[in-house]
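# Pasted the sequence and its predicted model underneath.
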Amino acid sequence: MEITDLKYLQATSKNIRIDIIKSISAAGSGHLGGSLGLADIFIFLYFRFLVHNPSNPNCAMRDKLVLSIGHVAPVLYASLAHAGYFDKQELKNLRKTGSMLQGHPSLTSGVPGIETASGSLGQGLSIAIGMALADKCDNISRKIVCICGDGELQEGQVWEAAMSAAHHKLKNIIAIIDKNNVQIDGKTADVMNIDPLKPKWEAFGWNAIECNGNDFESIESCFSNLNPNIPNVIIANTKMGKGLAEIENNYHWHGKAPNTEECNRFLNILV
Ligand SMILES: [Mg+2]
């Protein structure tokens with residue numbers, strides 16, 4: 001990656017983290033930890049990888065993103081705003097009554113760039129595979145990207161979906177697992193161990209690749225090693241709360257909003 005590109009992505013991810021903190025603090029509720037941990041993956045997707053057009057969100061040949069873990073909507077909304085889908089000022093209306101930026105992505109609240117409602121854990125990969133299967137039937141070669149949580153993989157429906165993608169020989173589906181090793185009420189290893197992940201996905205017929213999901217060069221290397229002939233899954237090792245050392249890997253920050261004092265302190269760390 002060119003150093004200028006790397007610096008641009010790093011600067012953008014910092015700005016998105018700032019907006020995530022501000023928007024969740026202003027809302028008084030929301031999911032901070034996972035949103036911060038996924039900021040680098042989202043920046044890479046929206047600024048380097050996905051084919052999309054913010055001035056024409058429904059353009060026919062766009063790639064599609066399904067956010068199966070809809071509760072980390074703040075990182076999606078901040079990414080869409082920075083990519084140019086809507087005014088960044090809108091981010092301060094997160095979770096407000098009547099706002100288009102609801103706590104989970106909605107198709108009816110008017111957010112441009114959203115492909116599906118999501119948030120009921122375990123369902124997103126099935127939705128994405130339905131999209132990929134429809135495109136295969138129509139001879140459309142766009143990419144369908146689905147972001148899942150690691151705790152979410154405890155849902156049986158995910159593995160039924162994984163099995164069907166290989167069965168239908170889908171080449172255009174890319175699952176990204178936010179592997180931060182924590183979930184709402186503890187460590188994934190304690191709640192229901194999901195490891196070892198790579199051989200599990202490979203056993204289901206997927207090409208599985210691992211990266212440091214908070215390092216742009218590692219992310220780029222991962223995306224350049226996709227297998228064009230079978231379904232792909234990227235196991236992105238991330239830190240919940242990335243960027244704020246005092247909350248990193250702390251599952252108590254899964255769904256907690258910073259108060260005004262915490263918000264100011266966090267922003268001072270990042271700027
Ligand atoms: Mg997790």
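Looks like it arrived, so ask away.
# Excluding chain neighbours, what is closest to residue 186?
Nearest non-adjacent residue to residue 186, counting by C-beta to C-beta, 6 or more residues apart in numbering: residue 251, 5.8 Å away. Heads up, the C-betas are built off the backbone N, CA and C, glycines and all.
# neighbours of the one you found, just the number please.
23 (other C-beta atoms under 10 Å).
# Residue 55 too?
Counted with other C-beta under 10 Å, the neighbours of residue 55 add up to 8.
# On the pLDDT front, check it for me.
Looking at residue 55, its pLDDT reads 97.
# Name the nearest residue to it, ignoring sequence neighbours.
Nearest one to residue 55, counting by C-beta to C-beta, 6+ apart, is residue 84 at 7.1 Å.
# In contact with the closest residue to residue 204 other than its chain neighbours, which residues are there?
Of all residues not flanking residue 204 in the chain, residue 162 sits nearest, at 4.4 Å (C-beta to C-beta, 6+ apart). Residues near residue 162 by C-beta atoms under 8 Å, 6 or more residues apart in numbering: 125, 175, 201, 204-206, 231.
# Also residue 92?
So residue 92 contacts 22-23, 26 (C-beta under 8 Å, 6+ apart).
# how about 7 Å then?
With contacts defined as C-beta atoms under 7 Å, 6 or more residues apart in numbering, residue 92 is in contact with 23, 26.
# Using the three-state scheme, assign it.
helix (DSSP: H, G, I helix; E, B strand; the rest coil).
# burial count for residue 62?
With other C-beta under 10 Å as criterion, residue 62 counts 17.
# Write out the residues of the stretch 101-250 of the chain neighbouring the ion.
Proximity of the stretch 101-250 of the chain to the ion, by C-beta under 5 Å from the ion, involves residues 149-151, 180, 183.
# Would you map the helices across the chain?
3-27, 32-37, 39-44, 73-83, 124-137, 156-167, 188-192, 197-203, 216-223, 260-270 (DSSP state H).
# Select, out of these, the one closest to residue 247.
Closest to residue 247 of those, according to C-beta to C-beta: helix 32-37, at 6.6 Å.
# coming back round to it: I figured the residue nearest to residue 55 hits residue 54, correct?
Yes. In this structure residue 84 lies within contact range of residue 54 using C-beta atoms under 7 Å: 3.8 Å.
# Quick check: closest non-adjacent residue to residue 64.
residue 115 (4.7 Å).
# tell me the phi and psi of the one you found?
For residue 115, the backbone dihedrals are phi -100, psi -30 (criterion: degrees, to the nearest 10).
# now it: how far from the ion?
For residue 115, the distance to the ion equals 22 Å [C-beta to the ion, to the nearest Å].
# I'd say that residue and residue 66 touch.
Yes. Residue 115 is within contact range of residue 66, at 6.1 Å (criterion: C-beta under 7 Å).
# Who has more neighbours out of those two?
For residue 115 versus residue 66, neighbours defined as other C-beta under 10 Å are more numerous around residue 66 (27 against 20).
# Any idea what the more buried one is bridged to?
Judged by DSSP bridges, the bridge partners of residue 66 are residue 146.
# Quick one, grab the pLDDT at it.
On the pLDDT scale, residue 66 gets 98.
# so who does it touch?
So, once contact is read as C-beta under 7 Å, 6+ apart, residue 66 ends up touching 115-116, 118, 124, 127-128, 146.
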